[in-house]
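> return atomic coordinates for the entry below.
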Amino acid sequence: MNAARRLTADDAPSLYALRLRALRDHPLDFGAAYEEEAAWGAEAWAARMMSTHWFGVEAEDALIACASLRIPERIRLKHNGWINAMFVAREAQGVGAAHALMDEIEAFARRAGVSILKLNVRAGNGRAKAFYHRRGFEPFGLEPDSMIVDGVGHASVEMAKRL
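From the prediction side, this is the model:
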């Protein structure tokens, strides 16, 4: 497994494939829907990718983990960083890819002047909540029906970590 790194436009095709896999295999854990993003196509995905900071971990030349970091541009908000779209492929779980990814995101965020990281995790995703808690994230809110899937509301836990 390679160290985590910031992804570039050259990584867009492999990131797009991994992202679609995440959305297909875990439809309740992401605000986006597989059908929506699959319809975009690789070119539109590449344009979207460049609008935020994406990070990834590779093993044997394949992308196995990814996450994005959004930092607001507004002067009163740019101390915040929002982690989104965190995914580690099943075959890569338990080997440190998630920690490598978070280490790189936190280091990048600090260099960018971010002092607090925030994220949302589905309330029923105990494994992810436990991972983020081990990383120092604490819950600060519960968003009821943060997304509706097939007519059923799913709450998300809002978590934060001071850097």
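
> what's the average pLDDT for stretch 88-101?
Taken as a whole, stretch 88-101 has a mean pLDDT of 92.

> got it, and stretch 22-33?
Averaged across stretch 22-33, pLDDT comes to 94.

> helices of this protein, residue ranges please.
12-25, 34-49, 97-111, 126-134 (DSSP state H).

> dump the ones you listed into CSV; add distance to Leu69 and mean neighbour count as well.
(Glycine included, C-beta is placed from N, CA and C.) As requested, these are arranged in CSV below (distance: least, CB to CB, whole Å; neighbours: other CB atoms under 10 Å):
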stretch, distance to Leu69, mean neighbour count
helix 12-25, 14, 18
helix 34-49, 12, 14
helix 97-111, 5, 19
helix 126-134, 14, 15
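
> mean pLDDT lowest where, among those?
Looking at those, the weakest mean confidence is helix 34-49, a mean of 87.

> how near is Phe137 to Ile148?
The spacing between Phe137 and Ile148, counted by CB to CB, to the nearest Å, is 25 Å.

> between the helices of the chain, which one is nearest to Cys66?
With CB to CB as the measure, helix 12-25 is the member of the helices of the chain nearest Cys66 (5.5 Å).

> what comes into contact with that closest one?
7, 29-30, 32-34, 37-38, 42, 45-46, 49, 54, 56, 62-64, 66, 85, 87, 89-90 (CB atoms under 8 Å, 6 or more residues apart in numbering).

> could you redo the last one with a cut-off of 6 Å?
Contact with helix 12-25 is made by 7, 30, 32, 34, 38, 42, 45-46, 49, 63, 66, 87, as judged by CB atoms under 6 Å, 6 or more residues apart in numbering.
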